[in-house]
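1. could you work out the structure for the sequence below:
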Amino acid sequence: MSALVVLLVCLPFLMAIVACVVPIEVTRHLTIAVGVATFALSLWLIPGVAHSSVTAGGLLRVDSLSVVFLLAVTFLYATTSIFVRGYLPLDSSAAGRVYGRRFYVGLNLFCWSLVIVPLVNGLAMLWIAIEITTVVSALLVAIDDTEGASEAAWKYILLASLGLGIALFATIMMYYAGTSVLGSSYNLSYPTLLASAAHFHPDVVRFAFVLAVLGYGTKMGLFPVHTWLPDAHSEAPTPVSALLSGALLAVSFYAILRFFQIAVRTLGPTFPRDVLLIFGVATLLLAALYLLSQRDMKRMLAYSSVEHMGILAIGMSFGAPIAVVGVLLQVMAHAAAKGTAFFGVGSVVRKFGTKDMSKIRGGVGVLPWTGPMLILSVLALSAMPPFGIFRSEFLIVYGGLREPRDTVAALLIVLVTLAFFGLSWFTTQTMLSPNVLAVEPSSGPQVVRGEVSNWIVVSMVLGLLALLLLGVHPPSQLSHLLDHAAYELRATR
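-> Now for the predicted structure:
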């Protein structure tokens with residue numbers, strides 16, 4: 001199993017190096033192969049972490065919680081690499097080949113950085129890994145070299161750097177909290193911290209946890225440090241938007257959960273849950289309101305991501321075992337749903353030439369495959385059965401009703417319903433209307449019926465199949481993985 005972990009770390013990085021030297025035609029297919037291989041390796045790890053963690057050299061460690069997030073990241077890696085094959089045109093010009101090479105190098109480096117976040121062992125390495133995701137993703141946001149993309153990338157860098165500075169301070173404070181027990185020199189590996197956390201100074205841990213939520217919450221998209229997210233998602237190339245939304249936000253939440261594990265062992269569950277509840281409710285409320293007024297397709301999906309991050313934080317605040325399982329299932333289902341939705345939006349933007357929803361009509365008539373699948377992915381994001389997000393949010397709400405937080409559970413239902421109205425407006429206005437003109441008649445010709453690429457269709461089919469599997473009948477090994485990861489998060493000793 002240790003060899004699998006090392007291979008997971010090496011494959012995407014080696015692919016990024018290969019993309020620098022081999023022809024772009026070869027790179028496109030090799031990236032798909034590596035993406036699928038990393039997902040297969042992640043699946044292979046599930047039995048190995050069923051009862052214990054897997055370590056590799058002290059720097060790498062995988063447990064049930066790691067694998068949950070690893071599955072979300074690598075599934076998106078695989079499906080996004082397929083989507084890019086159809087989305088990114090093969091330009092034979094010199095400038096086009098340079099752009100394609102840079103894009104594939106950046107894409108594989110970004111996926112590598114996302115993969116290593118759940119694999120590293122310790123809070124210090126975790127911070128470094130998250131920092132790497134920031135650097136690589138910021139370059140990808142700005143890769144189109146437009147004014148909007150450059151502005152969004154700078155805003156992202158500034159806010160993310162501020163957040164990670166706070167997260168670094170949180171890491172230092174957590175280290176300081178352990179010095180009274182472990183001495184002035186020790187490593188910040190998870191087993192070391194978790195074994196001694198019960199004896200840490202509670203006030204220091206309390207301060208460190210709040211800093212961690214605020215710091216890593218910047219990358220996760222929690223209110224009030226979410227403002228980079230709509231701009232970056234809107235201006236980045238669509239494959240990058242899918243990875244930002246489905247994977248980057250998830251691994252940032254993973255970082256918060258590692259601090260949560262330590263805080264629960266030191267402080268008990270009440271304070272960490274209350275902190276997540278405050279941030280979660282504020283985030284969900286803001287996202288639900290903004291979803292009602294969006295007219296840019298990608299910004300709308302960005303605020304949908306903010307909404308789901310709020311749901312994850314609220315779900316963790318409930319604390320019931322079934323709610324925690326729902327949160328972890330939501331991580332995987334959201335990755336599949338948001339990736340599929342962005343793939344559909346990418347197809348629409350390629351076909352209609354605009355992100356403005358007021359200028360897009362008759363999407364289903366123009367795109368006979370990706371149009372209906374985009375509607376299904378939006379319904380999945382709205383927690384409609386039988387998809388995975390319905391199952392995960394049902395578990396979260398049920399857990400909230402079993403705890404003395406039934407008022408919050410009711411508020412969660414109201415705000416999710418409000419967000420559904422915003423998403424449903426997009427569906428009815430852009431995809432189901434009979435008008436098939438992309439823009440006003442005076443500004444362009446009628447859009448021709450037909451798919452942009454069969455590769456995009458394949459990527460969306462895979463996403464919807466995953467959502468159905470998670471919603472209807474998750475495999476028994478996956479259910480056991482979720483239960484074990486939820487236990488790791490709730491354990492107080």
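2. what helix or strand does the residue lying closest to Phe169 once chain neighbours are set aside sit in?
-> Closest residue to Phe169 apart from its sequence neighbours, by Cβ to Cβ, 6 or more residues apart in numbering: Leu211 at 5.6 Å. In short, each C-beta sits where N, CA and C put it, glycine included. According to DSSP states H and E, Leu211 maps onto helix 202-220.
3. would you mark the buried spots in that helix?
-> Using 16 or more other Cβ atoms under 10 Å as the test for burial, helix 202-220 gives 204-220.
4. for the helix or strand just after it, give the mean pLDDT please.
-> Counting by DSSP H and E, the next helix or strand C-terminal to helix 202-220 is helix 228-235. Model confidence over helix 228-235, given as mean pLDDT, is 89.
5. against which helices or strands is the following helix or strand past helix 228-235 packed?
-> The first helix or strand that comes after helix 228-235 along the chain, using DSSP H and E, is helix 238-243. Applying 3 or more Cβ pairs under 8 Å, 6 or more residues apart in numbering; DSSP states H and E, one finds that helix 238-243 contacts helix 64-87, helix 94-116, helix 123-141, helix 228-235, helix 297-318, helix 321-352.
6. elements contacting the first one?
-> When contacts are defined as 3+ Cβ pairs under 8 Å, 6+ apart, helix 64-87 sits against helix 2-19, helix 24-48, helix 94-116, helix 238-243, helix 249-267, helix 321-352, helix 454-472, helix 476-490.
7. with the shortest one instead?
-> In this structure, helix 228-235 packs against helix 147-182, helix 238-243, helix 297-318, with contacts taken as 3+ Cβ pairs under 8 Å, 6+ apart.
8. is it possible to export those to TSV including mean neighbour count and mean pLDDT?
-> Below are those laid out as TSV (neighbours: other Cβ atoms under 10 Å; pLDDT from 0 to 100):
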stretch	mean neighbour count	mean pLDDT
helix 147-182	19	93
helix 238-243	27	94
helix 297-318	27	93
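9. redo those helices as TSV? Include distance to Val21.
-> Formatted as TSV, the helices and strands packed on helix 228-235 follow (distance: least, Cβ to Cβ, whole Å):
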stretch	distance to Val21
helix 147-182	27
helix 238-243	22
helix 297-318	33
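10. out of those helices, which is closest to Leu71?
-> helix 238-243 (14.8 Å; Cβ to Cβ).
11. can I get that closest one in PDB, CA atoms only?
-> As requested, the backbone C-alpha atoms of helix 238-243 are provided in PDB (Å, rounded to 0.1, in the frame of the first residue of the first chain):
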ATOM      1  CA  THR A 238     -13.800  26.000 -17.700                       C
ATOM      2  CA  PRO A 239     -11.700  23.000 -16.800                       C
ATOM      3  CA  VAL A 240      -9.900  25.000 -14.200                       C
ATOM      4  CA  SER A 241     -13.200  26.300 -12.800                       C
ATOM      5  CA  ALA A 242     -14.300  22.700 -12.400                       C
ATOM      6  CA  LEU A 243     -11.200  21.800 -10.400                       C
END
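12. identify the residues contacting that helix?
-> 76-77, 80, 83-84, 87-88, 107, 110-111, 114, 137, 140-141, 143, 232-234, 298, 301-302, 338-339, 342-343, 345-346, 349 (Cβ atoms under 8 Å, 6 or more residues apart in numbering).
13. go again with 7 Å.
-> 76, 80, 83-84, 87, 107, 110, 140-141, 233, 298, 338-339, 342-343, 345-346, 349 (Cβ atoms under 7 Å, 6 or more residues apart in numbering).
14. now stretch 81-90
-> Contacts for stretch 81-90 (Cβ under 7 Å, 6+ apart): 24-25, 28, 31-32, 35, 100, 103, 107, 238-239, 343, 346, 350, 452-456, 458-459.
15. now Gly165: how far from Ala247?
-> Using Cβ to Cβ, to the nearest Å, one obtains 23 Å as the distance from Gly165 to Ala247.
16. circling back: closest one to Leu328 among the helices and strands packed on helix 228-235?
-> Nearest to Leu328, of the helices and strands packed on helix 228-235 and by Cβ to Cβ, is helix 297-318 at 9.1 Å.
17. which elements pack onto the closest one?
-> With contacts taken as 3 or more Cβ pairs under 7 Å, 6 or more residues apart in numbering; DSSP states H and E, helix 297-318 sits against helix 228-235, helix 249-267, helix 270-291, helix 321-352, helix 388-402, helix 406-426.
18. which residues does the residue nearest to Phe169 contact?
-> Ile166, Phe169, Ala170, Met173.
19. if we use 6 Å, what do you get?
-> Counting by Cβ atoms under 6 Å, 6 or more residues apart in numbering, Leu211 touches Ile166, Phe169, Ala170.
20. tell me the angle the helix or strand where Ile375 lies makes with helix 454-472.
-> Per DSSP H and E: Ile375 is located in helix 370-381. On the basis of axes from the mean of the first three to the mean of the last three Cα atoms, to 10 degrees, helix 370-381 is oriented at 30 degrees to helix 454-472.
21. show me what helix 370-381 is in contact with.
-> 304, 337, 340-341, 344, 347, 363-364, 387, 389, 423, 427, 431, 456, 460, 464, 467.
22. what do you get if the cut-off is 7 Å, keeping everything else the same?
-> Residues from elsewhere that reach helix 370-381, judged by Cβ under 7 Å, 6+ apart: 304, 337-338, 340-341, 344-345, 347-348, 363-364, 387, 389, 423, 426-427, 431, 451, 456-457, 460, 463-464, 467.
23. figure out how far that helix is from the centre of its chain.
-> Relative to its parent chain, helix 370-381 has a centroid offset of 18 Å by Cα atoms, centre = their mean, to the nearest Å.
24. now do that helix against helix 406-426, angle only.
-> On the basis of the same axes, to 10 degrees, helix 370-381 is oriented at 170 degrees to helix 406-426.
25. can I assume Tyr216 is in contact with Ser252?
-> Yes: assessed by Cβ atoms under 7 Å, Tyr216 is found in contact with Ser252 at 5.0 Å.
26. residue contacts, the closest residue to Ser241 other than its chain neighbours?
-> Closest residue to Ser241 apart from its sequence neighbours, by Cβ to Cβ, 6+ apart: His233 at 4.7 Å. Shown in contact with His233 (Cβ under 7 Å, 6+ apart): Ser241, Leu244, Ser245, Lys298, Arg299, Leu301, Ala302.
27. the fifth one contacts Glu235, correct?
-> No: under the criterion of Cβ under 7 Å, Arg299 makes no contact with Glu235, lying 9.6 Å away.
28. count the neighbours of Ala247 for me.
-> Ala247 is flanked by 30 other residues according to other Cβ atoms under 10 Å.
29. nearest to Pro191, of the helices and strands packed on helix 297-318?
-> The closest of the helices and strands packed on helix 297-318 to Pro191 is helix 249-267. By Cβ to Cβ, the value is 11.1 Å.
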